[in-house]
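>>> got a sequence here, can you build the structure:
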Amino acid sequence: QARQFVEIRLLQRELEITMHGTDKSGVCAVGTVHHPKGNIAVELLKNGLARMSDWSVRMLNPADVPALRIAENGAKRTNTGVWHSYAPPQISGASEVLGTVVEVLTGDTLSILPNGEAYDSETKLKKISLASVRAPRVGNERLGRADEPYAHECKDRLRVLAVGKVAKVVIHYEREIPFGETPEKRQFGTVSIGKRADVGEVLVAEGYATTQRHRDDDEKSARYDELLVAEGMAKVAKRGIHSEKPYKKPSLNDLSEPKKAKSYSGSLMRSGSMKAIVEYVFNGARFKMLIPSENCQIVFAPNYLRCPQPSPNPGARQGKPAEPFGDESKRHARMTVLQRTVEITCSSVTMGGVLTGSMYVGQGGQRRDYSVELVAAGLASVDQRKIDYGEAPKHLVDTQIAAQGNKVGKWSVAQPTQAEKTPKTNGNSRLQEKSMNIRLTEIRSGNHFFFRVAGEEAGKVMDESMEMFTKNNGTAGAPCDPKVGKVVAALFDDGTGKAWFRAKIMEKVGATKVQVLYIDHGNVAIVSVATQLRPLDMSLGVERVPAVAKEAQLALTVTRGLDDEDGVDAARTLQSMAWGKDLTARIHTEEDGILQVTLMDGSTSINESLVTNGLARIAKSIVVKSLLTRLVDGNTVSKLASDLQLAEEVARKTRTGIWRYGDIGDDDEE
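Next up, the predicted model:
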């Protein structure tokens, strides 16, 4: 029929032809045949005798395409010719969606919360892909797949265009997308935001994406021709993907590793207020951020907040169980700050490499403190330790008190009491004070050490047993399971030659070494698994003979670490005053397995001497109160606190040790 239709109108007639190009082989020419009554191609399409071919449409003048498309659509609607069995694509759900863009997943896929839906579950979000638009794909490190050029630029441009804005989506078709074990039905449509009729067309026009190549019988965007025109203009202008210049992938400084974060934190703190983009939300108050001005990625948390634990992500390993309002807090953060530009100021960094500080969202009259917003909604609480130490800002504490009074968020459910929060363990046991004669075996810092009880029979027995163990087994290593927490025999040279000592494996160091704690002496070393470890005889296990060395701290004293000059001086002073001597230790209590003691050399208190010499300072009042509550009789601790307070005043006034430059900040204790 199609052939007959053309022969009747064109065969053996003199007509005008406009050439547009050829196919890939260069054999078949592509052009337009001009009949006196119009374009023959339009008539073929109108009568359902042909389909539009996208590869040849791309060669036409954009002004000639609409007539062809209208003719084909008319034949589809009337089921004419080749479209006799055509049925419009079946769309599950509404064909139009009006909602707020919550997240940009890729350069051509969005997550939208429809209007009228409460964001109380991730299932309420609709995943929409841009119809007939293909964005460069982001790579996968685990699969060894690199990013395609302009993948991140395309996603970021779509983020700027869409996130947080109201979008109108017209769904054109659906596809089965391979996604894990089961395919996912994905909807494709035209997304309109504000005055932009199609954000996909913007991406294509700016050279960040291309028009999807469809098969002739595939459904496509209703604005497919406009997309082709936009792509043609981008090619002519050589924008983005179509540029002839080699692509240079931007390099970022990833500061999510603790060591790098700590080394770079000083620069970030000095930078003051900075603009940052929230890339990922871990929970309501913990984010991964990009700081464009510093060209780095960080993990950031607002100061003073404690956020409820959310549920683990789908497919993730089973983590901690969700706490009340943990998911609500995370959803609030996703809806409010995810992929938005926020204003942060870094003030400190944690041991885990998390930068902390203030965070503001919004601009102009809508600029607000995110911490206050979260606490006011009952989706986070002020860290109780910060309140106890007087570090939390008054306005934040007042906001929490108001939220508690209004019973909003987490305050609407019963909160566990302090007794319920604190597990019953032997780590914080309540002891009757006692004294004993000791000798130090290891000094970790100016107030942290290990000791043995003088004259204790267990120490002598263990020393003799390990000497015999060394004689029987020699000093060669033996196959051993290097499991963290296991007690084994580890080799050590104490100056008299190599010998075996009982040791607990603390952590693995690389593939061939472990860090061990010699439990009868208190020292730590890194040893080779193959040559410096061997299994311990059952008769020498800690079940039969507990660790001889006991860990202790000088009660109510705080010294600096060994990475500080004053911390080294404190440790050396403790060594000169206590090492190799029989001392009296007054044991007050045990805290997390560490004994809190006052060391006496005759009538001299070593705790007080370190404070007097400006090498230590007294702990904060809350620590003193906490220690008193765990004692049957707190008179000696009260006297110790009073003596240390007087000693600190003397050191402060005489500018001794750590006080030589005047008062030190509260963060010195951290």
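>>> when you work out contacts or count neighbours from here on, use the C-alpha atoms and nothing else.
Noted.
>>> let me know the helix or strand that V65 is in.
helix 65-77 (DSSP states H and E).
>>> and that helix, what's buried?
Using 16 or more other CA atoms under 10 Å as the test for burial, helix 65-77 gives 65, 68-69, 71-72, 75-76.
>>> and that helix, average pLDDT?
Mean pLDDT, helix 65-77: 81.
>>> can you list the strands that the following helix or strand past it pairs with?
Later in the chain than helix 65-77, the nearest helix or strand by DSSP H and E is strand 96-106. Sheet pairing for strand 96-106, assigned by DSSP bridges, gives strand 109-114 (antiparallel), strand 166-177 (antiparallel).
>>> my read is A234 is in a helix, agree?
Yes: assessed with DSSP: H, G, I helix; E, B strand; the rest coil, A234 lies in a helix.
>>> hmm, who's touching the helix holding V65?
By CA atoms under 8 Å, 6 or more residues apart in numbering, the residues outside helix 65-77 that reach it are 41-43, 45-48, 51-52, 57, 81, 83-84, 86, 225.
>>> how about the helices in the stretch 451-600 of the chain?
Along the stretch 451-600 of the chain, counting by DSSP state H, counting those that start in this stretch, helices occupy 457-473, 565-578.
>>> give me the buried positions along the shortest one.
So that's helix 565-578. In helix 565-578, counting by 16+ other CA under 10 Å, buried: 566-575, 577-578.
>>> quick one on the thing from earlier: for the helices of the stretch 451-600 of the chain, which one sits closest to S358?
Closest to S358 of these, according to CA to CA: helix 565-578, at 30.8 Å.
>>> any idea how far the closest one is from the middle of the chain?
Its chain's C-alpha centre and that of helix 565-578 lie 39 Å apart, by CA atoms, centre = their mean, to the nearest Å.
>>> in stretch 332-352, what's buried?
Residues 332-335, 337-349 are the ones in stretch 332-352 that count as buried (16+ other CA under 10 Å).
>>> ditto for stretch 546-565
So stretch 546-565, judged by 16+ other CA under 10 Å, has buried residues 547-561.
>>> could you do stretch 626-636 as well?
By neighbour count on 16+ other CA under 10 Å, the buried set for stretch 626-636 is 627-628, 630-631, 634.
>>> picking that back up, just the ones of the buried residues of stretch 332-352 in helices?
Those of the buried residues of stretch 332-352 mapping onto helices are 332-335, per DSSP state H.
>>> nearest spatial neighbour of S347, skipping sequence neighbours?
Excluding its sequence neighbours, the residue lying closest to S347 (CA to CA, 6 or more residues apart in numbering) is G357, at 4.9 Å.
>>> local confidence estimate at the one you found?
At G357, pLDDT is 92.
>>> and A619, by the same measure?
pLDDT recorded at A619 is 88.
>>> do V104 as well
Reading off the model, V104 has pLDDT 94.
>>> so what's it up against?
By CA under 8 Å, 6+ apart, V104 lies in contact with 110-111, 155, 158-159, 162-163, 339.
>>> among those residues, name the ones in strands.
Those of these mapping onto strands are 110-111, per DSSP state E.
>>> okay, the contacts of V104 in JSON lines with distance to P292 and pLDDT next?
Output for the contacts of V104, formatted as JSON lines (distance: CA to CA, whole Å; pLDDT from 0 to 100):
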{"residue": "L110", "distance to P292": "23", "pLDDT": "93"}
{"residue": "S111", "distance to P292": "24", "pLDDT": "93"}
{"residue": "K155", "distance to P292": "15", "pLDDT": "93"}
{"residue": "L158", "distance to P292": "17", "pLDDT": "94"}
{"residue": "R159", "distance to P292": "15", "pLDDT": "94"}
{"residue": "A162", "distance to P292": "19", "pLDDT": "93"}
{"residue": "V163", "distance to P292": "18", "pLDDT": "93"}
{"residue": "Q339", "distance to P292": "13", "pLDDT": "93"}
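>>> are any of the contacts of V104 buried, and which?
In the contacts of V104, burial by neighbour count holds for 110-111, 155, 158-159, 162-163, 339, counting by 16+ other CA under 10 Å.
>>> most widely separated two among these?
Based on CA to CA, the longest span within those runs between S111 and K155 and measures 12.9 Å.
>>> quickly list what's touching both of those two.
Common contacts of S111 and K155 (CA under 8 Å, 6+ apart): 104-105.
>>> low-confidence stretches in the stretch 501-650 of the chain?
For the stretch 501-650 of the chain, applying pLDDT under 70 flags the ranges 632.
>>> quick one, strands of it?
For the stretch 501-650 of the chain, the strands defined by DSSP state E, counting those that start in this stretch cover 513-518, 524-528, 533-534, 550-554, 557-558, 583-591, 594-601, 604-605, 617-618.
>>> same question for the stretch 101-250 of the chain.
109-114, 126-130, 133-134, 166-177, 184-193, 210-211.
>>> most tightly surrounded among those?
strand 210-211 (a mean of 24; mean count of other CA atoms under 10 Å).
>>> so what's M600 bridging to?
For M600, the beta-bridge partners are T584, S605 (DSSP bridges).
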